[in-house]
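# Build me a structure from this.
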Amino acid sequence: MLILQAMTKMRLNRSFTFIVLLFTAWVFTACDPYNKVLKSTDLNFKYEMAQKYYYQGAYYKAQPLLEELLTAYRGSEKAEDIYYYYAWCDYHLQQFTLASFHFKNFSTSFPTSKRVEDVDFMYAYCLYLESPNYSLDQVSTRKALEAFQLYVNKHPHSKRIGECNRMMDILRSKLEKKSIESAMLFYRMEDYRAAAIMLRNTLSDYPDVSEREYLSYLVVKSYYNLSMNSIDSKKEERFNETLRYYQELKEEFPNSTYLKEAGNYAAKARQELKKLAEKPVPPVQPKVIN
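Next comes the predicted model:
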């Protein structure tokens, strides 16, 4: 009996505590100055408070107010300022994908604004911040490169050109590493056709790649291995490709440490071509007429 009474008393105490907490939360919410700003119907007051919160660094408070004001002041003189602050809120809140969208849209919506150069740069910079490690998908990296190139073309006298070039070099380096990694993956899988194509694309797209000599050698080796594993009708063309890329390696890197081994593949390719030339062509079978 005593236990039941004690348990009943505990339940009542918990219920009372819960009610007190709910009431306290309601009181604080009702008295919260920010909540009053949100509920206000005075748009000028909301705009002033949005600016205040923004410059205080309270972007999470400024953003909902600005979002409401975007619609209310659309087409007015304040629209540009409101959208500008709104885009920057996304940036400060590290919502870089959204920020890039709004910076780009700002430039389109207010093409004569004095802020266009700044937002064009921020559009590219937000995409740069979204660019992942080179081993991942590089869609954002390519978009960032395009955006920086557009910025440089559009604002050729900008003080940020050097900064843009530095970031563009970083982005290109990621794409270069990704291209090499993809080619090497096919090579390790012994998919020599895909490896040869990817290696050639890498050499073409990134002529200053640091591993150019080694990659050029792998092109020769890939074509040789591809040739050896090909059907007879494909062999002649592919052995000739082996010789072609060996010659390119020899001309570009006459002192290459890979020339001896590449030369061995070239010599074997010539021997195989000789065998193919000496191989008798099977007679054409006459068609059977019914």
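# Outline the domain layout of this structure.
With domains defined by automatic domain parsing, the chain comprises 40-93, 94-175, 189-278.
# roughly how far out does the last one sit from the chain middle?
Shown here is domain 189-278, whose average C-alpha point lies 32 Å from the average C-alpha point of the whole chain (Cα atoms, centre = their mean, to the nearest Å).
# hmm, back to that, switch the domains of the chain over to CSV; also include mean pLDDT, mean neighbour count and distance to residue 34.
Heads up, the C-betas are built off the backbone N, CA and C, glycines and all. Formatted as CSV, these follow (pLDDT from 0 to 100; neighbours: other Cβ atoms under 10 Å; distance: least, Cβ to Cβ, whole Å):
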stretch, mean pLDDT, mean neighbour count, distance to residue 34
domain 40-93, 94, 17, 6
domain 94-175, 96, 17, 20
domain 189-278, 95, 17, 52
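# In a markdown table: those, plus distance to residue 183.
Output for the domains of the chain, formatted as a markdown table (distance: least, Cβ to Cβ, whole Å):
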| stretch | distance to residue 183 |
| --- | --- |
| domain 40-93 | 36 |
| domain 94-175 | 13 |
| domain 189-278 | 4 |
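# looking at those domains, which is closest to residue 182?
Among these, domain 189-278 comes nearest to residue 182, with 5.5 Å by Cβ to Cβ.
# Who are the contact partners of residue 238?
223, 226, 227, 230 (Cβ atoms under 8 Å, 6 or more residues apart in numbering).
# Sorry, wrong one. I was asking about residue 107.
113, 116, 119, 120, 123.
# try it again with 6 Å
116, 119, 120 (Cβ atoms under 6 Å, 6 or more residues apart in numbering).
# so the nearest residue to residue 234 once chain neighbours are set aside is in which element?
Excluding the flanking residues, the one nearest residue 234 by Cβ to Cβ, 6 or more residues apart in numbering is residue 227, at 7.8 Å. Assigned by DSSP states H and E, residue 227 belongs to helix 212-228.
# Give me the helices and strands touching that helix, please.
helix 192-205, helix 232-252, helix 259-278 (3 or more Cβ pairs under 6 Å, 6 or more residues apart in numbering; DSSP states H and E).
# if you set the cut-off to 10 Å instead, what comes out?
Secondary-structure packing of helix 212-228 (3 or more Cβ pairs under 10 Å, 6 or more residues apart in numbering; DSSP states H and E): helix 161-188, helix 192-205, helix 232-252, helix 259-278.
# which one is the spatially most central residue of the chain nearest to, not counting chain neighbours?
Among the residues of the chain, the one closest to the centroid is residue 140, at 2.2 Å (Cα atoms, centre = their mean). Spatial nearest neighbour of residue 140, excluding adjacent residues (Cβ to Cβ, 6+ apart): residue 130 at 4.5 Å.
# who's in contact with that neighbour?
96, 97, 99, 100, 139, 140, 141, 143, 144 (Cβ atoms under 10 Å, 6 or more residues apart in numbering).
# again, only this time at 6 Å
Counted by Cβ under 6 Å, 6+ apart, residue 130 has contacts 96, 97, 140.
# what would the helices and strands packed on helix 212-228 look like in JSON lines with distance to residue 50?
Formatted as JSON lines, these follow (distance: least, Cβ to Cβ, whole Å):
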{"stretch": "helix 161-188", "distance to residue 50": "30"}
{"stretch": "helix 192-205", "distance to residue 50": "46"}
{"stretch": "helix 232-252", "distance to residue 50": "61"}
{"stretch": "helix 259-278", "distance to residue 50": "67"}
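# Out of those helices, the one nearest residue 79 is which?
helix 161-188 (28.8 Å).
# packing partners for that closest one?
helix 139-154, helix 192-205.
# looking at those, which is closest to residue 266?
Closest of those to residue 266 is helix 192-205, at 15.1 Å (criterion: Cβ to Cβ).
# Residues in contact with that closest one: which ones?
179-180, 182-183, 186-187, 215, 218-219, 222-223, 225-226.
# Cool, thanks, signing off.
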